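A.B. asks: everything below, folded, please.
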Amino acid sequence: MGRFNKRKGQSKQMDEKIISLYWKRDEQAIALTAEVYGRCLYSIAYNLLHDECDTEETVNDTYLDAWKSIPPARPDCLLAFLTKIVRGNAINTYKSRTRSRHIPPSMMVSLAELDTVLGSDSDDPTGGESKQISDAISGYLYTQTERARNIFIYRYYCSDTVRRIAGMMKISESTVNRELSRMRDELREYLKKEGIYV
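C.D. replies: Presented below is the predicted three-dimensional model:
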């Protein structure tokens, strides 16, 4: 239990340190963001674009957008905040590159598994239009171990398959599925406790 709390505390502390640098307008914030989250952001963008140059540009745009957004934003979960930005930037890059408004289903986050939690009738089930839901999900993720949090983010923010997540994290697919199922159930109860009924 102590190890769990320590991991959670270290992650939260790092986020707070980075966010405080943004609020001070200290350019070290971007360097630290890249050091801590750059690999994850690159993976998200590359999974969507499959092009190294476009991916690098998209990730750099994400750092710039974070700089412009913080302040006034003060995200509860910095990784969730950044993944939302990088996905939006990657989709915009894709649209610009293909001159198409249509986004292939493979580029969108598959939230069918979360329908019972967030509601399948929502116009924006990712919580993009609902800061309350987005903040609540971020708060919930901070109650999880680093491994569980990463599984959730890889699956629902990065659209990674269960097989890919298992391979990246060197765990079994059944473990990934079990963790996702547990978190969906817990998230539903967490949202209810927060007074959010979706």
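A.B. asks: how about A80, nearest residue that isn't a chain neighbour?
C.D. replies: Once flanking residues are discounted, A80 sits nearest to S138: 5.0 Å by Cβ to Cβ, 6 or more residues apart in numbering. C-beta here means a position set from N, CA and C on the backbone, and glycine is covered the same way.
A.B. asks: what about the one you found, distance to N150?
C.D. replies: Computed as Cβ to Cβ, to the nearest Å, the S138 to N150 distance reads 14 Å.
A.B. asks: again, but for I70
C.D. replies: The gap separating I70 from N150 is 22 Å, by Cβ to Cβ.
A.B. asks: the helix or strand where D54 lies: how far from the chain's middle?
C.D. replies: Assessed by DSSP states H and E, D54 sits inside helix 52-69. Mean C-alpha position of helix 52-69 versus that of the full chain (Cα atoms, centre = their mean, to the nearest Å) differs by 15 Å.
A.B. asks: do the same with stretch 63-79
C.D. replies: The answer for stretch 63-79 is 13 Å, by Cα atoms, centre = their mean.
A.B. asks: please enumerate the helices of the chain.
C.D. replies: For the chain, the helices defined by DSSP state H cover 2-23, 28-49, 52-69, 78-98, 115-118, 131-141, 146-156, 162-169, 173-193.
A.B. asks: dump the ones you listed to TSV, plus mean pLDDT.
C.D. replies: Shown next, in TSV, are those (pLDDT from 0 to 100):
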stretch	mean pLDDT
helix 2-23	72
helix 28-49	90
helix 52-69	96
helix 78-98	86
helix 115-118	58
helix 131-141	78
helix 146-156	87
helix 162-169	91
helix 173-193	92
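A.B. asks: centre-most residue in the protein?
C.D. replies: A80 (3.3 Å; Cα atoms, centre = their mean).
A.B. asks: rewinding a little: which strands or helices does the helix holding D54 pack on?
C.D. replies: helix 28-49, helix 78-98 (3 or more Cβ pairs under 8 Å, 6 or more residues apart in numbering; DSSP states H and E).
A.B. asks: kindly reformat those as CSV containing distance to G195.
C.D. replies: As requested, those are exported to CSV (distance: least, Cβ to Cβ, whole Å):
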stretch, distance to G195
helix 28-49, 30
helix 78-98, 20
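A.B. asks: and V162, which of these is closest to it?
C.D. replies: With respect to V162, and counting by Cβ to Cβ, the nearest of the helices and strands packed on helix 52-69 is helix 28-49 at 14.4 Å.
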